[in-house]
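> sequence first, predicted model second:
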Amino acid sequence: MATTDSNNSAHGRTLEQTRRANTTGAHVATAGVVVFLIATFLDWVSTEGDQSTSGSGYETDTTIPLVAFLGIGLVVGLQYAASRARGRQHRGLSLTAMAVGITAVLLSLSYIIDAPGAFERGGDLSTELGAWIGLLGGIVWSIGAGLLAKEPEGDDDWDDAVTTGARSAR
């Protein structure tokens, strides 16, 4: 998806932007965050025995909803940048979203491999469906943010003939 925009700089030069970011990655990341948010309210762990019980991600560990709510804030920022930024993205924001998505993946994996705090809780905890869905959401979230991060942003894609000529003369 190529567009050409031009602006006049303070030095009287014309700058042209030849590409803008494809926002598919932002939409994929948004879908991943929504899946992780839904998983937060599903059962992540359960105990077996006389008094079997289960706990949602929200009830089990405050870190799980924190990551989900942080993800909501990040995708709101990604969507806003897609509508307002010159290159339709802000690389720092998309890289931050990817980092938190990877955190969601690792958090989910920790519950799948061995639930944190099982020793303190005094029981054998079994992994439930919510941790697996959280893992899926975190993977989609990370991939989407990574797809957006590889796209051009802001001044990265602006052609400046005067600056380019000065660099090649060195």
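Arrived safely. Residues are numbered from 1 along each chain as shown.
> now do the phi/psi pair for the closest residue to L129 other than its chain neighbours.
Excluding its sequence neighbours, the residue lying closest to L129 (Cβ to Cβ, 6 or more residues apart in numbering) is L42, at 6.0 Å. In short, each C-beta sits where N, CA and C put it, glycine included. Per-residue torsions, L42: phi -100, psi 170 (degrees, to the nearest 10).
> since we're on L42, how many residues are nearby?
Here the number of neighbours of L42 (other Cβ atoms under 10 Å) works out to 17.
> wait, it touches T127, no?
No. Under the criterion of Cβ atoms under 8 Å, L42 makes no contact with T127, lying 11.7 Å away.
> in the protein, which spans are helices?
With helices called from DSSP state H, the chain shows them at 24-40, 57-60, 63-84, 91-113, 118-121, 129-149, 161-169.
> quick one: the closest residue to A131 other than its chain neighbours from W132, how far?
Spatial nearest neighbour of A131, excluding adjacent residues (Cβ to Cβ, 6+ apart): Y111 at 4.1 Å. Distance of Y111 to W132, given as Cβ to Cβ, to the nearest Å: 9 Å.
> neighbour-wise, which of these two wins?
Neighbours were counted for Y111 and for W132 using other Cβ under 10 Å; Y111 has more, 24 against 16.
> I'd say that one and V45 touch.
Yes. Counting by Cβ under 8 Å, Y111 does reach V45; the two are 6.7 Å apart.
> anything in contact with each of the two?
Counting by Cβ atoms under 8 Å, 6 or more residues apart in numbering, the shared contacts of Y111 and V45 are 60, 127, 131.
> could you turn the buried ones of the residues you listed into a ChimeraX selection?
To isolate in ChimeraX the members of those that are buried, counting by 16 or more other Cβ atoms under 10 Å, one can use:
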select :60,127,131
